[in-house]
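Peer 1: attaching a predicted model along with its sequence, questions to come.
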Amino acid sequence: MSLKTFGLFGVGLVITMGCAQRSYRPDDAPRLPSTGSPALVEAQLEGHLGRVRSCLGDGSGLLDVRFAIGTDGRVHGTEVHRNTSGSAEVAACVHRRIASLYFDPAPAVAIERDHRFTFCAQDSTDTCRLGPVVGAIDPVFEAGVRGLEERMKRCQANRDRDGQAILSVELTVGVDGRVSSGWIQRALPAGTPLADCAIAPLLNAPVTEEPLAMPRTVRFTIGLPPLPPPAVAAR
């Protein structure tokens, strides 16, 4: 499967594509004075952040990163404050790469930034599982949770084919193996109509045929990319 970036435009959401640029500056290297040009800083940032994709390898996940770009051109205060990939190594890799970036010319004043990276190892028309299913008890149970995605896609086809969203969902699976309740922990962009596809279509849906000793709570984050146009029937 090929790795792709699932991007949403909006507050705090950025497509992180571009070629890698120089990520360090020798102490004796000449550099341009701080210009304060947001366009120059943004152009460098887009290219730099493309390096982060390799941290996930062939996996998928969502990471929120906060950092500041100082007037010395260096990155300060890097913090990975959300990581759905399930890997501490991925978080550490992202932290190192963001912290090692250098901007030349540097901004005239320090800039604080929040960026969201979403990476999928799936085709563009598939739902994107942004990390593992938390709370799955075995592969069969996890496969049942993943099967709920088809219900979400059918809902999306009726609600907003051209829309896209990132949804963090928590579901309760009852002792009969069916979804008994659920709620959305977070939906981006805010107010997306696709949030309606995360709960209602899943209620009473089967997850496992085996009865459970007690209800199970599962959590997952999923990306819904735009659906392809509906097929036109041949005449």
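Peer 2: Everything's here; your move.

Peer 1: tell me the secondary structure for the residue nearest to T84 when sequence neighbours are not counted?
Peer 2: In space, and not counting its chain neighbours, T84 is closest to G131: 3.3 Å by CB to CB, 6 or more residues apart in numbering. No exception for glycine: its C-beta is placed from N, CA and C like everyone else's. Under the three-state scheme (DSSP: H, G, I helix; E, B strand; the rest coil), G131 adopts coil.

Peer 1: check contacts around G131.
Peer 2: If you count contacts by CB atoms under 8 Å, 6 or more residues apart in numbering, G131 has them with S60, G61, L62, N83, T84, S85, G86, F220, T221.

Peer 1: can you pick out the most distant pair from those residues?
Peer 2: Greatest spatial distance in the contacts of G131: N83 and F220, 14.0 Å, computed using CB to CB.

Peer 1: these two - which one has more neighbours?
Peer 2: More crowded of N83 and F220, by other CB atoms under 10 Å: F220, with 23 against 20.

Peer 1: from V169, how far out is the more buried one?
Peer 2: 6 Å (CB to CB, to the nearest Å).

Peer 1: can you list the weak-confidence ranges in the chain?
Peer 2: 1-38, 121-126, 231-235 (pLDDT under 70).

Peer 1: ok, back up a step: now the buried members of the contacts of G131.
Peer 2: S60, G61, L62, N83, T84, S85, F220, T221 (16 or more other CB atoms under 10 Å).

Peer 1: excluding its backbone neighbours, what's nearest the fourth one?
Peer 2: Translated: N83. A91 (4.6 Å).

Peer 1: re earlier: just put the buried ones among the contacts of G131 in CSV and tack on distance to G174 and secondary structure.
Peer 2: Formatted as CSV, the buried ones among the contacts of G131 follow (distance: CB to CB, whole Å; DSSP: H, G, I helix; E, B strand; the rest coil):
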residue, distance to G174, secondary structure
S60, 29, coil
G61, 29, strand
L62, 28, strand
N83, 30, strand
T84, 25, coil
S85, 29, coil
F220, 18, strand
T221, 22, strand
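
Peer 1: dump those residues to TSV, plus distance to E142.
Peer 2: Conversion of the buried ones among the contacts of G131 to TSV gives the following (distance: CB to CB, whole Å):
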residue	distance to E142
S60	15
G61	16
L62	18
N83	19
T84	15
S85	16
F220	9
T221	14
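
Peer 1: going by distance to P229, which of those wins?
Peer 2: Checking the buried ones among the contacts of G131 one by one against P229 (CB to CB), the nearest turns out to be S60, at 25.3 Å.

Peer 1: are we agreed that L49 is in a helix?
Peer 2: Yes: assigned with three-state DSSP, L49 falls within a helix.

Peer 1: wait, it sits on H115?
Peer 2: Yes: counting by CB atoms under 8 Å, H115 is a contact partner of L49 at 6.7 Å.

Peer 1: those two: which has the busier surroundings?
Peer 2: Using other CB under 10 Å, the more surrounded residue of L49 and H115 is L49, with 24 against 18.

Peer 1: pull up the gap between that one and A165, please.
Peer 2: Applying CB to CB to L49 and A165 gives a distance of 22 Å.

Peer 1: now S100
Peer 2: 32 Å.

Peer 1: of the two, which one has the most company?
Peer 2: Taking other CB under 10 Å, S100 and A165 do not tie; A165 has more neighbours (21 against 14).

Peer 1: what bridges to the more buried one?
Peer 2: For A165, the beta-bridge partners under DSSP bridges are L224.
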